[in-house]
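Asks: Have a look at this prediction, sequence included:
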Amino acid sequence: MTAPAQPTLLLFQLVIVMNYEVGAIGVVEMTADERAEAFSRLYDRDAPVVTRFARAALGNDAAAQDVCAEVFCRAWDAWPRFRGDAGAERAWIFRIARNQVIDHARAARRARIVPLEDVHAHATPEMESRLALQAALQHLDKSDRELLSMRSAGLSHAEIGSVQRRSEMAVKQAWHRALKRLRAEMVGDE
Amino acid sequence: MNTHDNEGGLDPALTALDDRLQALGLKDLEASVAASWRHVQEHVHERQRLRPTPWRHRFVVALAVAAPVAIVAAFAIVSLGGPRVGPNPVGVPSGAAPSTVPSPAAPTQPVSLSRLAMWGQSGWATEAQTGAVLHSGDGGRTWSPTTVAKSDLTTFLDAQHAWAATYDDTAVNSWTISITKDGGKTWRHGAGINLCCAPIQLLFSDPLHGWALSVPNGIDAPTSIAFVWRTVDGGLTWMDVAASARQILPLGCNRYSMTFENAATGWLIAGRCPSLFLAATHDGGLTWHRQAPPAALPAGVVETWAPTSTSGQSPNIVVSALDANGGPATPAGVLVSADGGLTWAYRSLPEVPLDAGKGEPLADLGRPGDWWFIGRSDPAAPALYHSVDGGRTWVRTATLHTKGLTWLDATDVNHVRIVTDGGKLLYSTDGGKTFAEVDPLTIG
């Protein structure tokens, strides 16, 4: 049974509500600037990682640039509604990036886009090696490719686990298997 | 960056492979991230522009803005009128103030324009030196750079759809085409096209169907060779469709242009021939059929220019005779068709259009009953002409006391924009009678 509310308590609750409202107005104002600043920091930190992920996943630098732009455009639209701490930001960004990569891969399959570097006649040995690795990645199945692409972007196993909602140990085991399959692809190509 | 976190016992070969993986996407990473950021900035800018002001702040904002604006406006009226052509100058419409980006503050700087294509207050331009593609939402006063920082050829279907081609004759795939369908906020890259020659025309009849034309470089290049490419997926992939056209192209032509009224029907025109060459296609360029030129065409070799945009109508093709030096000369006229392009008639122009012979003439004949061109008879004071009856009669609306004009773009019978060779805009809202000079700025 709830005790009857006392006038002092009601007044206190009203003050809290008013403070919240007043504070909310101020926060909205401050957050507009803070939000832009935080988004800028988010971009500085995660855009290179997203670009590397998309490059590995798609094997096309130009498409990766498009993906990165699209990811952060979508992130900006959803940014005011983002709930989570700094640690959750990267996982959130990468979930957007995964979807964008999938969309681009579908479109590329339809359009049969040929990366320009694949047909470059004067590739250096370093470029050849990179192209061979990219080509081998493209021959893996989707889940292996995604996992290794995230790894290529520099994500730790724990971070990949956050994105894929899997345990770090599960990611590590899957990564190990995927690496072996990648090596087999490359040996097979040679 | 190496993130071998707790990988004890991993095969060294796999570790090495993981290292290679982590080094995979590092090439030119910074430039790519910076290019993406420009896209994102544009997106943020657009979103902020569209965001309604919270009611709580309107009063404060109104107070804060009203007084300085009144002072600045008074100052501008008195002292910042700028050079104008003709009386009663007009500026860009009210409500077209440049929008602001929240953070960081958007810097602005003057920009020099070349090509221009507007639909209402929105449209495109290219930067004069680099061909960088710019987009405006305020009638052309401010321009947002897109991530296409360089182009050799552009075409604009509407305020949302644009294509930009870059050409590198040292690359295997010499053409690279960038595509946007959202006003330049995002671009996609089509597959590279392996063409021998520089692009001279890129055009689309709708967001999916487009054509590209290239010809050999140089005046000594072999004639009768034109390369026509076609896309049916918005420019992502292209196929060579020139085989049929090459079978009927006569020898001795070297001035080609192409125009399409829809995805199927178009024309290929070649000038500087013994006689004007005109061919039509009704299957998107797969097969071509030669047409007879109009009987009333002036004698001699003619220069031709087919419009890139036709508004879904039969094209109106500018032609002129050539002078002794091979330049365009009087008489000049327009080929028009009243039967969907089956037969053509010649309709004379009062002057040869400016820039005819150097590139695209300063003529906008794309809308029925609303034709414009700038005559070149007096280079120091070119004249603007307007016709509302399909070129039967012309009204000389203004004399433009401005040396060097590079582009003409009209959006309707009242709104005309002209680009000067300094990259500035002359803007008329009264049917070309008076113009105000606009100094375009880039934002961001």
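Replies: Alright, I've got the coordinates. Residues are numbered from 1 along each chain as shown, chains lettered A, B, ... in the order given.
Asks: Next, please give the residue ranges for the helices of chain A.
Replies: A:7-58, A:61-78, A:86-111, A:125-139, A:142-152, A:157-164, A:168-189 (DSSP state H).
Asks: Out of the ones you listed, which is closest to B:Ser144?
Replies: Proximity to B:Ser144 (CB to CB) singles out helix A:61-78 among those, at 13.9 Å. Every residue, glycine included, has its C-beta placed from N, CA and C.
Asks: same for that closest one, what does it pack against?
Replies: The contact analysis (3 or more CB pairs under 8 Å, 6 or more residues apart in numbering or on different chains; DSSP states H and E) places helix A:61-78 against helix A:7-58, helix A:86-111, helix B:29-50, strand B:188-189.
Asks: Comparing these by mean pLDDT, which bottoms out?
Replies: Lowest mean pLDDT within the helices and strands packed on helix A:61-78: helix A:7-58, at a mean of 62.
Asks: Okay, domains of the chain per the record?
Replies: Going with chain A. Annotated domains of chain A cover A:1-113, A:116-190 [automatic domain parsing].
Asks: my question was about chain B
Replies: Using automatic domain parsing, chain B is parsed into the domains B:3-80, B:109-443.
Asks: I'd like the helices of chain A written out as JSON lines, with mean neighbour count added.
Replies: As requested, the helices of chain A are arranged in JSON lines below (neighbours: other CB atoms under 10 Å in any protein chain shown):
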{"stretch": "helix A:7-58", "mean neighbour count": "16"}
{"stretch": "helix A:61-78", "mean neighbour count": "23"}
{"stretch": "helix A:86-111", "mean neighbour count": "17"}
{"stretch": "helix A:125-139", "mean neighbour count": "16"}
{"stretch": "helix A:142-152", "mean neighbour count": "22"}
{"stretch": "helix A:157-164", "mean neighbour count": "21"}
{"stretch": "helix A:168-189", "mean neighbour count": "16"}
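Asks: Which among the ones you listed is found nearest to B:Pro298?
Replies: Distance to B:Pro298, taken as CB to CB, is lowest for helix A:86-111 among these, at 46.1 Å.
Asks: Bridged to the residue lying closest to B:Ala398 once chain neighbours are set aside, which residues?
Replies: Distances taken as CB to CB, 6 or more residues apart in numbering or on different chains place B:Leu384 nearest to B:Ala398, at 4.8 Å, with adjacent residues excluded. In this entry, B:Leu384 is beta-bridged to B:Ile374, B:Ala398, by DSSP bridges.
Asks: right, and B:Leu384 touches B:Leu400 too?
Replies: Yes - judged on CB atoms under 8 Å, B:Leu384 makes contact with B:Leu400 at a distance of 6.1 Å.
Asks: quick one: the strands in the stretch 251-400 of chain B?
Replies: Under the criterion DSSP state E, counting those that start in this stretch, the stretch 251-400 of chain B contains strands at B:255-260, B:266-271, B:277-281, B:289-291, B:302-305, B:317-322, B:328-336, B:345-348, B:363-367, B:370-375, B:383-387, B:395-399.
Asks: Now render those strands as TSV, adding mean neighbour count and mean pLDDT.
Replies: Formatted as TSV, the strands of the stretch 251-400 of chain B follow (neighbours: other CB atoms under 10 Å in any protein chain shown; pLDDT from 0 to 100):
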stretch	mean neighbour count	mean pLDDT
strand B:255-260	24	84
strand B:266-271	26	86
strand B:277-281	20	89
strand B:289-291	15	90
strand B:302-305	24	75
strand B:317-322	23	79
strand B:328-336	21	80
strand B:345-348	16	88
strand B:363-367	22	86
strand B:370-375	24	91
strand B:383-387	22	94
strand B:395-399	17	92
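Asks: Format those as CSV; extra columns: distance to A:His157.
Replies: Output for those, formatted as CSV (distance: least, CB to CB, whole Å):
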stretch, distance to A:His157
strand B:255-260, 55
strand B:266-271, 57
strand B:277-281, 58
strand B:289-291, 65
strand B:302-305, 62
strand B:317-322, 65
strand B:328-336, 69
strand B:345-348, 74
strand B:363-367, 59
strand B:370-375, 65
strand B:383-387, 68
strand B:395-399, 70
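Asks: quick one: which of these is nearest B:Ile177?
Replies: strand B:255-260 (16.2 Å).
Asks: Could you give the separation of that closest one from the chain centroid?
Replies: Centroid displacement of strand B:255-260 relative to its chain, using CA atoms, centre = their mean, to the nearest Å, is 16 Å.
Asks: hmm, who's touching it?
Replies: B:200-201, B:203, B:205, B:209, B:211, B:213, B:215, B:226, B:228, B:266-272, B:303-308, B:310, B:315, B:317 (CB atoms under 8 Å, 6 or more residues apart in numbering or on different chains).
Asks: Roughly how far does B:Arg367 sit from chain A?
Replies: From B:Arg367 across to chain A, the span is 33 Å (CB to the nearest CB, to the nearest Å).
Asks: With B:Gly341 instead?
Replies: Relative to chain A, B:Gly341 is positioned 31 Å away (CB to the nearest CB).
Asks: Pull the contacting residues for the residue nearest to B:Ala398.
Replies: By CB under 8 Å, 6+ apart, the neighbours of B:Leu384 are B:372-374, B:396-400, B:416, B:418, B:432.
Asks: I'd like these written out as CSV, with distance to B:Ser136 added.
Replies: Formatted as CSV, the contacts of B:Leu384 follow (distance: CB to CB, whole Å):
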residue, distance to B:Ser136
B:Trp372, 20
B:Phe373, 24
B:Ile374, 22
B:Arg396, 29
B:Thr397, 24
B:Ala398, 23
B:Thr399, 27
B:Leu400, 22
B:Val416, 16
B:Ile418, 16
B:Gly432, 21
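Asks: now, among those, which is nearest to chain A?
Replies: B:Ile418 (33.6 Å; CB to the nearest CB).
Asks: Which residues are in contact with that closest one?
Replies: B:362, B:374, B:384, B:400, B:405, B:407-409, B:425-426, B:435.
Asks: give the contact list for B:Asp370.
Replies: B:386, B:388, B:410, B:412-413.
Asks: Just the helices from the stretch 151-300 of chain B, written as ranges.
Replies: Under the criterion DSSP state H, counting those that start in this stretch, helices of the stretch 151-300 of chain B are mapped to B:243-248.
Asks: So which bits of it are right by chain A?
Replies: Counting by CB under 8 Å from any CB of the partner chain, the stretch 151-300 of chain B comes close to chain A at B:171-173, B:176, B:185-192, B:233, B:236-237.
Asks: Quick check: the gap between the residue positioned nearest the centre of chain A and A:Arg165.
Replies: Geometric centre of chain A, nearest residue: A:Phe94, 1.5 Å, by CA atoms, centre = their mean. Using CB to CB, to the nearest Å, we find A:Phe94 at a distance of 11 Å from A:Arg165.
Asks: picking up where we left off before, can you put the helices of chain A in CSV and add distance to B:Ala159?
Replies: Shown next, in CSV, are the helices of chain A (distance: least, CB to CB, whole Å):
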stretch, distance to B:Ala159
helix A:7-58, 27
helix A:61-78, 19
helix A:86-111, 23
helix A:125-139, 37
helix A:142-152, 36
helix A:157-164, 37
helix A:168-189, 45
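Asks: Many thanks, have a good one.
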